[in-house]
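[1] prediction below, plus the sequence it came from.
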Amino acid sequence: MKQIQDFNVLKNRRLNADHYILELQSKHPIEDVCPGQFVQIEIPDSKTTFLRRPLSVHFYDKSKNMLSLYVRIVGEGTKYLGMVNENDTLNLVYPLGNKFTLVNKKKVLLVGGGSGIAPLLLLASELQKSGNEVVILLGARTADGLLEINTFEKYGKVVTTTNDGSAGVKGLVIDHPVMKDQNKFDFVYTCGPDVMMKAVGEWAKNLNIQCEVSLENTMACGIGACLCCIQKTVRGNLCVCTDGPVFNFNDVVW
Amino acid sequence: MKQIQDFNVLKNRRLNADHYILELQSKHPIEDVCPGQFVQIEIPDSKTTFLRRPLSVHFYDKSKNMLSLYVRIVGEGTKYLGMVNENDTLNLVYPLGNKFTLVNKKKVLLVGGGSGIAPLLLLASELQKSGNEVVILLGARTADGLLEINTFEKYGKVVTTTNDGSAGVKGLVIDHPVMKDQNKFDFVYTCGPDVMMKAVGEWAKNLNIQCEVSLENTMACGIGACLCCIQKTVRGNLCVCTDGPVFNFNDVVW
Amino acid sequence: MVNLNVKIGDLVLQNPVMTASGTYGYGPEFDDFVDNNKLGGIFVKGTTLEHREGNNYPRMAETPSGMLNAVGLQNKGVDYFCKEIYPVIRHYNTHIFVNVSGSKVDDYVKTAERVGDLEDIPGIELNISCPNVKEGGMAFGTSCSAASEVIKAVRKVYKKTLIVKLSPNVTDITQFAQIAENEGAEAISLINTLLGIAIDAKKQKPVLSTITGGLSGPAIKPVALRMVWQCAKTVKIPIIGMGGIMNATDAIEFMLAGATAVQVGTANFIDPAVTMKIIDGLNSYCIEHNIKDINDIVGLIIKKS
Amino acid sequence: MVNLNVKIGDLVLQNPVMTASGTYGYGPEFDDFVDNNKLGGIFVKGTTLEHREGNNYPRMAETPSGMLNAVGLQNKGVDYFCKEIYPVIRHYNTHIFVNVSGSKVDDYVKTAERVGDLEDIPGIELNISCPNVKEGGMAFGTSCSAASEVIKAVRKVYKKTLIVKLSPNVTDITQFAQIAENEGAEAISLINTLLGIAIDAKKQKPVLSTITGGLSGPAIKPVALRMVWQCAKTVKIPIIGMGGIMNATDAIEFMLAGATAVQVGTANFIDPAVTMKIIDGLNSYCIEHNIKDINDIVGLIIKKS
Ligand SMILES: Cc1cc2nc3c(=O)[nH]c(=O)nc-3n(C[C@H](O)[C@H](O)[C@H](O)COP(=O)(O)OP(=O)(O)OC[C@H]3O[C@@H](n4cnc5c(N)ncnc54)[C@H](O)[C@@H]3O)c2cc1C
Ligand SMILES: Cc1cc2nc3c(=O)[nH]c(=O)nc-3n(C[C@H](O)[C@H](O)[C@H](O)COP(=O)(O)OP(=O)(O)OC[C@H]3O[C@@H](n4cnc5c(N)ncnc54)[C@H](O)[C@@H]3O)c2cc1C
Ligand SMILES: Cc1cc2nc3c(=O)[nH]c(=O)nc-3n(C[C@H](O)[C@H](O)[C@H](O)COP(=O)(O)O)c2cc1C
Ligand SMILES: Cc1cc2nc3c(=O)[nH]c(=O)nc-3n(C[C@H](O)[C@H](O)[C@H](O)COP(=O)(O)O)c2cc1C
Ligand code: FES
Ligand code: FES
């Protein structure tokens, strides 16, 4: 069931100039969260924001009433949120949206770029649990943008690219050798900039690999009430917040 | 000269449920402030306020770049301001307004109620310095509302009233015996609720004692630009922020 | 016990707190957060004769203390509503109103007729004020003759509670209030959104695909209060006030200005349980101010002046 | 070097950043905070033929991301301005415009004539949009025939730069923009304040002595941008845009929507040095976006679409 729930900030961990991870814990039992789902978070004490902000659940630990968010600073809301202190209270509406399809005992590829890696950690962990062979491909502009590699390595093999070659393979994610390896993967999941998702999706389509993308359309309500977040799909306009954020690549009209 | 200046919060001292004193210090030299003058303070990180809030300078120490504010919580702005922490930064536009008339070697009475005691501390200290005999009459509803008596005692003789008699003389300030003592005072200064100031003013008028009142009309700019804070006076509409906040009681059309 | 019942036409609302069209889906979207049976009423999303895809993405822009939307009446049409949605929501123990929109008078009439056949829908809200569609919509709400024509035509075929929703994008909203009253509407509701634009300075282009959108949220509250007050001085039929209501105090302000009931819109996005808090808050306000019947505060600032 | 010069009629402004009438006094009020010589222009407070006391206190109410004012054109009259204030401010190295208001056409004309004699006042802003006075004011700005009459009459006697300030409280602002252009105004400025109300729920009464007041600040920015955009598509004379500008990004948005210059109003109350920051910000924006001449962004979202 969807909830409005207060969480305490356990840790606000700065990763680099514009990324941080918030570890949150509630005093009360928390809801089940599936990989791909997101929260609508209230931005506290901000003069310039009005609406909540949607953020994917990065990781969660039901036994400890904990969940974490992986955030990239792009504007006022994500900036303010990055300034919270330990023990501050944050209000979440969650869990929202559909989820990634979880396969069993398959070879799967997760491709993330920018803040798009946020939902991939929980996904990787669940996929590993159900016996899949997990490869995680993370792309960034420079080495400084490749974050949390160690954490991802717990749940699969991590490979990386950077535009400038300062770490991993030089180029875009699509240029990485794992993408060359025909017929290797049964399922690919991707989240990140549109251009990246499109490239990955086209690649998967050509190889007849199932591909799910997670979209980040701007939202007002997050619960299917306002129809602001719609995405054109082969089935007409769908709500990213309830019919998504995860879509089959082939359903999306880009 | 009027300044826009950042101050650090040295101390946020809670006096009771709805009063606190903020001690502020700037890294840079501060401007001269006269008793009766005020600041326009920015309310940080408040979703619900928009304008600055006018607050009298309660005390100041030029040598230490320090000034303090005595605040009563009445709404969102004063509530938010009461939640600042040590080392937070507050932005002030100051010093604003005219000032109390400073007399020498006279018998003076200061009458304050509620947040109206704010400007009286600096005033008492200056009046004491210039050789006046200072009596400070503070009124409140109950004993719990009589605050900072010890501090005021440094600068004069303090007498008090409470509506319920839980401390000092029972009744309104106007009922206090010092007010009975004809021809005792040369000058009276008052700040507080309108009814109190009117009562004190009428009393002074009858005894031919000079009386100055400090008004608290709602303000937008605080610097004479918007004409929102006007007070009807015998000289027409005057700006409380520049022609005041201190007025001769007889000039005010109540 | 405080009486929170108010009347719109012959309908008794258990309290004055309703949800605004387009901001509350059809109701079930909020089942996890609120008990819809406790609401004064639900205004479902804008419904048209035919299925509509609405406008292109992006449809939303955040603005200071508000937001712009350009949804453009996306909905599956009145037949879909009657067949698929009505059966699901008809059993809520609250009044459900259908917000009826169209491009031509005839669309409004046909849609109203269809909805009129639904036993558990006690009223409609005639949306002559949608700023986000190319044809019709606001055009009906900004021309006196068009307004009067469409209301008259719908009134002829629709016998239950008819509420006309007015546009704030006019020089004199009281003219439209007067027309609604003259044409026999049971109530008016106001305000719909103010027409606005948001621009992305970095990208040097409008945020919304449609360039203009409708402004809602606390930013518009002062304008909404003014219009409610103006209309309350003009017409005798009840007014349903809205525009930026975020809490019980805001709702009280609308009632003091002359609204018999209120609708809560954008606030539902920020706190999906806000309506329940507002109902509780109205009750507490009445107790604190020793008000036995909430109807006593309706239009109080007009009576006092 | 970025060119920030813009032109209003024959006047060259050193940059597009000016201050809005009624929010900046006469200029000297800000001498401690800014260098007035660096401004594109100063619009002094609303000036009438005779001395006016304005409305009763309270004249101000804070609202979400904005404020209401009901100053009501308090000023000492045009003669006082000419004798006492003009000599003090005429030496600022910026353009000073007098905001001219009145109750009757004849008042406007006489005031404009008097101001026309002042060598160092290059232009006036005809305020046909003040919502806070009982007679005239906004009435001229919400009726096409009245607007046209007053502009025509003033144009006849006033030969320098004539700017007409439009009211947003209308169904179609472009009609008024068109009238101003037809009657020979050099520019239009918009928007004046939106008519609004604030209510004190505790005291159960309006906050302002006049009940209604004028809404300004960021809350109205989306509406202001929309109206600037509409007018820019309608008339060829330059537009001076305003309404909620708090920083350089806001100013850029107005220029992208079609404003050649901007006025900063309410923001001066919150940061008395804000205009200087906006000028710097425009410069930085141009450098970042590789814009050599700020005129290149004027109306860009119209040109692009
Ligand atoms: C379902 C979902 C899950 C998300 N998960 C995460 C996550 O886990 N971590 C994370 O860092 N971000 C995530 N995002 C994106 C995040 O919601 C936005 O970055 C955030 O709302 C921006 O808020 P802001 O106030 O900082 O920026 P704003 O001031 O609102 O915007 C700043 C700039 O970013 C652009 N922008 C803002 N939001 C979006 C958007 N959704 N799409 C495209 N452009 C946008 C604006 O146009 C503007 O130019 C997610 C979004 C969605 C819809
Ligand atoms: C020159 C001057 C000096 C002042 N000095 C002090 C001081 O030293 N200490 C102090 O505690 N307060 C002082 N005040 C009053 C203080 O400015 C207000 O209490 C404050 O602005 C309220 O802000 P808020 O956001 O908390 O309340 P709001 O939410 O703005 O208002 C809450 C309630 O209080 C009422 N209210 C707010 N401001 C005023 C006012 N000025 N007059 C009458 N009613 C008002 C409102 O109508 C409303 O009902 C001074 C005011 C002025 C003009
Ligand atoms: C996303 C969104 C969609 C809306 N859709 C409709 C609609 O279909 N029909 C209608 O009459 N009003 C619609 N409105 C207007 C609201 O019902 C309401 O009049 C307006 O938002 C002001 O109230 P608020 O400030 O409480 O949101 C919509 C508003 C929003 C924000
Ligand atoms: C306190 C105040 C007084 C004003 N007085 C005038 C005036 O005398 N003449 C006028 O044309 N506009 C007047 N205005 C309107 C402003 O010039 C401006 O049009 C409006 O405030 C919108 O801009 P802003 O949001 O930047 O303040 C006044 C506004 C305020 C807030
Ligand atoms: S954000 Fe409201 S429907 Fe998706
Ligand atoms: S507050 Fe603006 S003139 Fe006094």
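    Happy to help now that I have it. Numbering: from 1, shown residues only, chains lettered A, B, ... in the order given. Ligands and ions are numbered 1, 2, ... in the order given.
[2] check A:M179 and give its pLDDT.
    Per-residue pLDDT puts A:M179 at 87.
[3] that one and A:L215, how far apart?
    Distance of A:M179 to A:L215, given as Cβ to Cβ, to the nearest Å: 21 Å. C-beta: built from backbone N, CA, C; applies to glycine.
[4] ok, which stretches of the stretch 101-250 of chain A are helices?
    Applying DSSP state H, counting those that start in this stretch to the stretch 101-250 of chain A gives helices spanning A:120-129, A:149-153, A:194-206.
[5] how about the residues of the stretch 151-254 of chain A by ligand 5?
    Proximity of the stretch 151-254 of chain A to ligand 5 (Cβ under 6 Å from any ligand atom) is limited to residues A:219-222, A:224-229, A:239, A:241.
[6] and of these, the nearest to A:K64?
    Minimum distance to A:K64 across these is 24.8 Å, recorded for A:G222 (Cβ to Cβ).
[7] neighbours around the residue in the stretch 151-300 of chain C positioned nearest to ligand 4, how many?
    Nearest to ligand 4, among the residues of the stretch 151-300 of chain C, is C:A219, at 11.8 Å (Cβ to the nearest ligand atom). Neighbour count of C:A219, defined by other Cβ atoms under 10 Å in any protein chain shown: 32.
[8] about what we covered before: and A:M179 and A:L215? which has more neighbours close in?
    Taking other Cβ under 10 Å, A:M179 and A:L215 do not tie; A:M179 has more neighbours (24 against 18).
[9] and the more buried one, what does it touch?
    A:137, A:173, A:203 (Cβ atoms under 8 Å, 6 or more residues apart in numbering or on different chains).
[10] pipe those into CSV and attach pLDDT, neighbour count and distance to C:K233 per row.
    Shown next, in CSV, are the contacts of A:M179 (pLDDT from 0 to 100; neighbours: other Cβ atoms under 10 Å in any protein chain shown; distance: Cβ to Cβ, whole Å):
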residue, pLDDT, neighbour count, distance to C:K233
A:L137, 95, 26, 66
A:V173, 91, 26, 64
A:W203, 93, 19, 66
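[11] any idea how far the residue positioned nearest the centre of chain A is from A:L15?
    For chain A, A:P119 is the residue whose C-alpha lies nearest the centre (Cα atoms, centre = their mean; 2.5 Å). When distance is defined by Cβ to Cβ, A:P119 is 16 Å away from A:L15.
[12] picking up where we left off before, with the flanking residues excluded, which residue is spatially nearest to the residue nearest to the centre of chain A?
    Of all residues not flanking A:P119 in the chain, A:S56 sits nearest, at 3.8 Å (Cβ to Cβ, 6 or more residues apart in numbering or on different chains).
[13] mind listing the helices for the stretch 51-200 of chain C?
    C:78-80, C:86-89, C:105-116, C:138-141, C:144-157, C:173-182.
[14] helices and strands around the last one, which ones?
    Same thing as helix C:173-182. Packing partners of helix C:173-182 (3 or more Cβ pairs under 8 Å, 6 or more residues apart in numbering or on different chains; DSSP states H and E): helix C:144-157, strand C:187-190, helix C:221-234.
[15] how about the first one: buried residues?
    When you say that, I think you mean helix C:144-157. Counting neighbours by 16 or more other Cβ atoms under 10 Å in any protein chain shown, one finds that the buried residues in helix C:144-157 are C:146-151, C:153-155.
[16] what's around A:H28, how many residues?
    9.
[17] for it, helix, strand, or coil?
    Classification of A:H28 using DSSP: H, G, I helix; E, B strand; the rest coil returns coil.
[18] can I assume it is in contact with A:Q5?
    Yes - with contact defined as Cβ atoms under 8 Å, A:H28 counts as touching A:Q5 (6.8 Å).
[19] so where's the stretch 51-200 of chain A uncertain?
    Residues of the stretch 51-200 of chain A meeting the criterion pLDDT under 70: A:182-183.
[20] at 80 instead, please
    A:181-183 (pLDDT under 80).
[21] what's the neighbour count on residue 166?
    Picked chain A for this. If you count neighbours by other Cβ under 10 Å, A:S166 ends up with 14.
[22] oops, chain C please
    Neighbours of C:L166 under the rule other Cβ under 10 Å: 28.
[23] quick one, what contacts the residue lying closest to it once chain neighbours are set aside?
    With sequence-adjacent residues excluded and distances taken as Cβ to Cβ, 6+ apart, C:L166 is closest to C:L190, at 4.3 Å. Neighbour list for C:L190: C:165-166, C:168, C:173, C:177, C:224, C:227-228, C:231, C:239-243 [criterion: Cβ under 8 Å, 6+ apart].
[24] got the residues you listed as JSON lines, with pLDDT columns?
    Shown next, in JSON lines, are the contacts of C:L190 (pLDDT from 0 to 100):
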{"residue": "C:K165", "pLDDT": "97"}
{"residue": "C:L166", "pLDDT": "96"}
{"residue": "C:P168", "pLDDT": "96"}
{"residue": "C:I173", "pLDDT": "96"}
{"residue": "C:A177", "pLDDT": "97"}
{"residue": "C:A224", "pLDDT": "98"}
{"residue": "C:M227", "pLDDT": "98"}
{"residue": "C:V228", "pLDDT": "98"}
{"residue": "C:C231", "pLDDT": "98"}
{"residue": "C:I239", "pLDDT": "98"}
{"residue": "C:I240", "pLDDT": "98"}
{"residue": "C:G241", "pLDDT": "98"}
{"residue": "C:M242", "pLDDT": "98"}
{"residue": "C:G243", "pLDDT": "98"}
